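Engineer: pasting the sequence and the predicted model now:
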Amino acid sequence: MLRVVVVGGGWAGCAASLTAKKAGADEVLLIERCDMLLGTGLVGGIMRNNGRYTAAEEGIAMGCGELFEVADHVSRHKNIEFPGHKHAFLYDITAIEPAVKKKLLCYGVDVLTETRITDIKRAGQAITSVITAQGREIPGDIFVETTGTAGPAGNCAKFGNGCVMCIYRCPTFGPRVSIAGRAGIKEKMGVNTDGSTGAMSGSCKLHKESLSDDIIRELQQKGVVVRPIPEFLKKGDKMLARKACQQYAGKDFADNVVLLDTGHAKLMSPYFPLELLRQVPGFEKARFEDPYSGGIGNSIRFLAISPVNRYLQTKGLENLFCAGEKAGPLVGHTEAIITGSLAGHNGVRQAKGFPLIKIPETLACGDILDQVNKALETEEGLAKRYTFSGGLYFQRMQEKGTYSTDREEIKRRVDQSGMMGIFDGPIR
């Protein structure tokens, strides 16, 4: 009986659980330390913008489309534009988690929430079990780590503005613990262009009802509001340079208050001092929803990146795979779903004695993993951020010709790569 244990219930962990189950694992256990799944997906909400459309359609063609389809289904707005981004879908952050959990349960994934893993047991180059904070031992054959790279609160205080009670909720549910780190694997930390450590999470939520009536109406009708701010309120490029989501760090985001409707009003800034924000017309009564101290900062990320190969197998351990931010300085839900899908699938391949696979570089999903893998080998690479939706990698997609919104073209490319439906059934 093959048991796969996935630690971390964000987008990557959910994706890994689905592909592991479809690949033929007898039992898949998804463990999450908080009381809800999806992690930053509970505040994110943006899908299919720019090259993420291409990546999502590649994922669907490869057979890992369930989570993309769920997000599409609960989207409040589709095919909208905001500064620097086209054809974006904005899913409802209040509807997404129950919908994803229902999908996992329908596939037979066992979900265990409010369970924090604090240690591991290993034999040689393999992990044999993980240990909960209450001392329960959970054995497995294959482990997939998707614990992320943010927090705990001590790191946020060390590298940022201190704990602001972000979506990770470390004070409530306990700090993140790295499985690879507990196994003795030396992990890497991302850096910024100025040499500082860590990157600040890219946005905050505003309580929608605290905004002016005209802003609320425009958000609900169009999905996006862009309001220019006076010169004396502009925060400049120094703060934006610290954003993990560099695709939202252009001049438009320094010169304007940019809001997206994801259920709450998503403020596309890591933080905005409240006394300044309230001087912008329409924001006189604004209050932050999450992080609750979003006027001074947000979560600090990229503090525990695992060394991985192109199969997303953690180097130094035979049966540990990783995905999401653990696999490199990757940014975004789509990126997490793709890496999670590959990690879960390859974990079952490893257990069944089949050759591991990688996504070919002819596909955007494979090329970004190749670029990230190379970046982890250099100090300069640790200062870069990789996302399908902007920055250097979206530029690379355009230059290579892999960016497309033509579904049939994307399907043909996936078919030619030999990856059509690869994640959609048992490994034989």
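Structural biologist: The structure has been received and is ready for your questions. Residues are numbered from 1 along each chain as shown.
Engineer: quick one: low-confidence residue ranges for the chain.
Structural biologist: 234-249 (pLDDT under 70).
Engineer: can I see the domain layout of it?
Structural biologist: 3-194+300-417, 202-290 (automatic domain parsing).
Engineer: now those in a markdown table, with distance to Gly425 and mean neighbour count?
Structural biologist: (C-beta placed from N, C-alpha, C; glycine too.) Below are these laid out as a markdown table (distance: least, Cβ to Cβ, whole Å; neighbours: other Cβ atoms under 10 Å):
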| stretch | distance to Gly425 | mean neighbour count |
| --- | --- | --- |
| domain 3-194+300-417 | 6 | 21 |
| domain 202-290 | 33 | 19 |
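Engineer: and stretch 394-406, end to end?
Structural biologist: 17 Å (Cα to Cα, to the nearest Å).
Engineer: what's the answer for stretch 161-178, then?
Structural biologist: 22 Å.
Engineer: close enough to count as contact, Asp252 and Val258?
Structural biologist: Yes. Using Cβ atoms under 8 Å, Asp252 is in contact with Val258, at 7.1 Å.
Engineer: so Ala304 sits against Glu187, correct?
Structural biologist: Yes. Ala304 is in contact with Glu187 according to Cβ under 8 Å; the separation is 4.8 Å.
Engineer: hey, what's in contact with both of those two?
Structural biologist: Common contacts of Ala304 and Glu187 (Cβ atoms under 8 Å, 6 or more residues apart in numbering): 178, 180-181.
Engineer: which of those sits closest to Leu363?
Structural biologist: Ala180 (26.8 Å; Cβ to Cβ).
Engineer: can you pull the contacts of the closest one?
Structural biologist: 145, 187, 304, 306, 314, 317, 320, 322, 326.
Engineer: and for Lys374?
Structural biologist: Gly381.
Engineer: dump the C-alpha coordinates for stretch 5-16 into CSV.
Structural biologist: Provided in CSV are the C-alpha atoms of stretch 5-16 (Å, rounded to 0.1, in the frame of the first residue of the first chain):
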residue,chain,number,x,y,z
VAL,A,5,2.1,12.4,2.9
VAL,A,6,1.9,16.1,1.8
VAL,A,7,2.9,18.7,4.4
GLY,A,8,1.5,22.1,3.7
GLY,A,9,-2.0,22.8,2.3
GLY,A,10,-1.4,25.8,0.0
TRP,A,11,-2.0,25.7,-3.7
ALA,A,12,1.1,23.5,-4.2
GLY,A,13,0.1,21.0,-1.6
CYS,A,14,-3.4,20.7,-2.9
ALA,A,15,-2.1,20.2,-6.5
ALA,A,16,0.5,17.6,-5.3
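Engineer: one step back: so what sits against both of Asp252 and Val258?
Structural biologist: 83, 226.
Engineer: now distance to Glu137 too, for the contacts of Ala180, in TSV please.
Structural biologist: Below are those laid out as TSV (distance: Cβ to Cβ, whole Å):
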residue	distance to Glu137
Glu145	17
Glu187	24
Ala304	23
Ser306	23
Thr314	21
Leu317	18
Leu320	17
Cys322	21
Lys326	23
